[in-house]
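**Q** Pasting the sequence and the predicted model now:
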Amino acid sequence: MHIHGTFLPQEEPRDFWIVEGKLTGEPVAGARTLARNAFVIPGLVDAHCHIGLGVQGAVSVEETRRQALADLAAGTMLVRDAGSPADTRWVQHDDMLPQLIRAGRHVARTRRYIRHLAVEVEPEALLAQVRHEARDGDGWVKLVGDWIDRSTGDLEPSFPADLAAEAIAVAHEEGARVTAHCFGEQSVAELVAAGIDCIEHGTGMSDDVIQQMAENGTALVPTIINLNRFPQYAEPGRDKYPVFADHMMALYARRRQTIGKAIEAGIEVHSGTDAGTVVPHGEILSEVAELASLGGGAFAIAASSWGARDWLGADSLTEGASADLIVTGTDPRTNTDVLRTPVARVLRGRLIS
């Protein structure tokens, strides 16, 4: 195939051909022209997605495939797994599914997370588990930074701050980056101070923590469409845990202001849906729209495509790269909704519906 257009983030129109699933600037005789005067972006990235996970833990191969195909149908062509009890290595060998970067299993405190999802350990076993997950995954380890502590009735850090810092250092020794689920204020402050690489959600970020993240180069995947669901997480347990419910609702009330401050501070922010339990798969464009509402269309497209790919070490629209791309008739930075009705989506050189 042949495509003529503006291959973002480059601004000058050019021609690319697709040969054996790869992009090339060398003309190919007889190639079918897919589009002219188009705009082309790399396939979208869901940097917080749970392929192979359901509300009861690991799901079947068939359900895992259905999840991945739902993501692909929305334009997600690269997934950073953010914790799954299923062995999803087989996805990485299926050319019809998105590229997958695995983080292994969530690492949580015993009885301090959603049942069936994480490997749960006490503090004395944390370092060994983190080392295992670092070796078992594809360069990422996922910690559960905080969750409700039923003894206090509120969000509390999962592990002592000094131990969490040791765990991050262990992962770094193994060549892995570390990210963490953080809703509340204390966990995100402690983990950022400890040198963590990324924060998921981040609703508890203070102005000082945001500044420290910007200085440290700590990334943020806010999963805004998940944050929008905080009331359904907090309100059902209000009678039993009123402090937790009030805390969650306060975080919910200021969520857009908090994430907006992070964007304004220049923190590297990327798209993620948290699909896998409450959030359905295939909602990446809703997350792109949320990012655009806070940072503008150009910011949202970069954060969800080439920017996220560069952060994860994946290729974009360059000579010899995999032909994973979305073609639109108008500039998606001006109106991200055009991604819902593109001219074409192409994965590894194949047109997808």
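**A** The structure has been received and is ready for your questions. Numbers count the residues shown, from 1 in each chain.

**Q** those helices in this structure, which residues are they?
**A** 61-73, 126-136, 161-173, 185-193, 207-216, 224-227, 230-234, 242-253, 255-264, 284-295, 297-304, 306-312 (DSSP state H).

**Q** how about those in JSON lines, adding distance to His93, mean neighbour count and mean pLDDT?
**A** No exception for glycine: its C-beta is placed from N, CA and C like everyone else's. Shown next, in JSON lines, are the helices of the chain (distance: least, C-beta to C-beta, whole Å; neighbours: other C-beta atoms under 10 Å; pLDDT from 0 to 100):
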{"stretch": "helix 61-73", "distance to His93": "12", "mean neighbour count": "18", "mean pLDDT": "98"}
{"stretch": "helix 126-136", "distance to His93": "17", "mean neighbour count": "19", "mean pLDDT": "97"}
{"stretch": "helix 161-173", "distance to His93": "26", "mean neighbour count": "18", "mean pLDDT": "98"}
{"stretch": "helix 185-193", "distance to His93": "34", "mean neighbour count": "22", "mean pLDDT": "98"}
{"stretch": "helix 207-216", "distance to His93": "36", "mean neighbour count": "16", "mean pLDDT": "98"}
{"stretch": "helix 224-227", "distance to His93": "29", "mean neighbour count": "22", "mean pLDDT": "98"}
{"stretch": "helix 230-234", "distance to His93": "36", "mean neighbour count": "16", "mean pLDDT": "95"}
{"stretch": "helix 242-253", "distance to His93": "40", "mean neighbour count": "17", "mean pLDDT": "98"}
{"stretch": "helix 255-264", "distance to His93": "36", "mean neighbour count": "18", "mean pLDDT": "98"}
{"stretch": "helix 284-295", "distance to His93": "23", "mean neighbour count": "21", "mean pLDDT": "98"}
{"stretch": "helix 297-304", "distance to His93": "25", "mean neighbour count": "23", "mean pLDDT": "98"}
{"stretch": "helix 306-312", "distance to His93": "19", "mean neighbour count": "21", "mean pLDDT": "98"}
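
**Q** now for those, which one comes closest to Ser353?
**A** helix 61-73 (7.3 Å; C-beta to C-beta).

**Q** same for that closest one, what does it pack against?
**A** When contacts are defined as 3 or more C-beta pairs under 8 Å, 6 or more residues apart in numbering; DSSP states H and E, helix 61-73 packs onto no helix or strand at all.

**Q** In contact with the most centrally placed residue in the chain, which residues?
**A** Centroid-nearest residue in the chain: Ala47, 1.7 Å away (criterion: C-alpha atoms, centre = their mean). Applying C-beta atoms under 8 Å, 6 or more residues apart in numbering, one finds that Ala47 lies in contact with Arg80, Ala82, Val221, His270, Ser271, Gly272, Ala308, Trp311, Leu312.

**Q** and Glu20, how many residues sit next to it?
**A** 8 (other C-beta atoms under 10 Å).

**Q** returning to that earlier point: okay, the helices of the chain in CSV with distance to Asn335 next?
**A** Shown next, in CSV, are the helices of the chain (distance: least, C-beta to C-beta, whole Å):
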stretch, distance to Asn335
helix 61-73, 20
helix 126-136, 40
helix 161-173, 40
helix 185-193, 33
helix 207-216, 29
helix 224-227, 19
helix 230-234, 28
helix 242-253, 28
helix 255-264, 19
helix 284-295, 9
helix 297-304, 7
helix 306-312, 18
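
**Q** so which of those comes closest to Trp17?
**A** Comparing the helices of the chain by C-beta to C-beta, helix 306-312 comes nearest, at 20.0 Å.
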